[in-house]
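sharing a model that was predicted from the sequence below.
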Amino acid sequence: MDKEKFDKSLNKTVESIKDYINLKKEYYSLVLLERLAKVLTRFVVVITTTMLLFFFLLFLSFAFVGWFQHITGSQTLGYVVIAFIYLIIGALVVVFKKQLFLNPLIKGINSIFTEEEETFENPENKKNNEEETDK
């Protein structure tokens, strides 16, 4: 009789371990999915903002050329000035690409993937923790 109880208990324990492993696997897949969604959202926001800034800069350039033509009478010279301004901006971007783009990108992605996971606590413990932080 003891052997049967032991076998049942062992089978129950093995099943519980299997369930626990499956739940952990599902949990981490959901965490990964959430974090990938955050990365993709940031990517879409960056692309959209970049496109809007591009169009803003394009129309600002046309306005400058029109203003410069009005002042100097030479539309071609206005486009040349804009081209040199873009050349200088491009050179600055190449020189400072690590500080401007690479470091913030790595830092942002790293912050998403290393953020603390929410722990599901007893509601009573959570209330006590909130009271302690308010003090």
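Noted; the coordinates are in hand. Numbering: from 1, shown residues only.

and the helices in this protein?
2-72, 75-95, 97, 103-113, 123-134 (DSSP state H).

using JSON lines, lay out those together with mean neighbour count and mean pLDDT.
To be clear about C-beta, it is placed using only N, CA and C from the backbone, and glycine gets the same treatment. Output for the helices of the chain, formatted as JSON lines (neighbours: other CB atoms under 10 Å; pLDDT from 0 to 100):
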{"stretch": "helix 2-72", "mean neighbour count": "11", "mean pLDDT": "91"}
{"stretch": "helix 75-95", "mean neighbour count": "12", "mean pLDDT": "94"}
{"stretch": "helix 97", "mean neighbour count": "11", "mean pLDDT": "84"}
{"stretch": "helix 103-113", "mean neighbour count": "12", "mean pLDDT": "81"}
{"stretch": "helix 123-134", "mean neighbour count": "9", "mean pLDDT": "54"}
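
spatially central residue in the protein, please.
residue 39 (3.8 Å; CA atoms, centre = their mean).

isn't that residue up against residue 112?
Yes - with contact defined as CB atoms under 8 Å, residue 39 counts as touching residue 112 (5.8 Å).

what's the distance between the nearest residue to residue 74 once chain neighbours are set aside and residue 62?
Nearest non-adjacent residue to residue 74, counting by CB to CB, 6 or more residues apart in numbering: residue 68, 7.7 Å away. Per CB to CB, to the nearest Å, residue 68 is found 11 Å from residue 62.
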